[in-house]
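In: This is the structure alone, sequence omitted:
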């Protein structure tokens, strides 16, 4: 299929679909061809790679992958959080586990 020109693994992907859906090859390939007209080369290659890695050999899975990647929101950038130096000395109180066991058994919580 011409829409996969240069995409590594495209031939194996198509062959797997032909083997898996021998009665519906025409429908499967037609759906893939429609997606090639809707999406760009980079999107096609990314979805093809994703489907091959996860052994998703169907035109519907390929289409769904393309649509998901197009609508998925990019992950937010993680940025480093710096605390003011006055908070550096703050530490949490550490208690013996026995205090919690006693509290669970109906006793009172006493700091040690």
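Out: It's in. If you're wondering where the values come from, they're calculated on a predicted model, not measured in any experiment.

In: Please make it C-alpha for all contacts and neighbour counts, starting now.
Out: Will do.

In: List the contacts of residue 54.
Out: By Cα atoms under 8 Å, 6 or more residues apart in numbering, the contact set of residue 54 is empty.

In: That one and residue 6: what is the separation?
Out: 20 Å (Cα to Cα, to the nearest Å).

In: chain center to the helix or strand containing residue 98, what's the gap?
Out: For residue 98, the element it lies in under DSSP states H and E is helix 97-104. How far helix 97-104 lies from its chain's middle: 41 Å, per Cα atoms, centre = their mean, to the nearest Å.

In: shift numbering so it begins at 24
Out: Understood, numbering begins at 24; the last thing we discussed is helix 120-127.

In: buried residues in it?
Out: By 16 or more other Cα atoms under 10 Å, helix 120-127 has no buried positions at all.

In: Could you give the average pLDDT over that helix?
Out: Across helix 120-127, the average pLDDT comes to 83.

In: One more: stretch 79-88?
Out: Here stretch 79-88 scores 97 as its mean pLDDT.

In: Go through that stretch and flag the buried ones.
Out: Across stretch 79-88, burial judged by 16+ other Cα under 10 Å covers 79-82, 85-86, 88.

In: How about stretch 35-44?
Out: By neighbour count on 16+ other Cα under 10 Å, the buried set for stretch 35-44 is 36-37, 39-41.

In: if we look at it, which residues are touching it?
Out: Residues outside stretch 35-44 that contact it (Cα under 8 Å, 6+ apart): 48, 51, 71, 75, 80-82.

In: at 7 Å instead, please
Out: The contact list for stretch 35-44, computed with Cα atoms under 7 Å, 6 or more residues apart in numbering, reads 48, 75, 80-81.

In: Need the max-distance pair from the residues you listed.
Out: 48 and 75 (17.9 Å; Cα to Cα).
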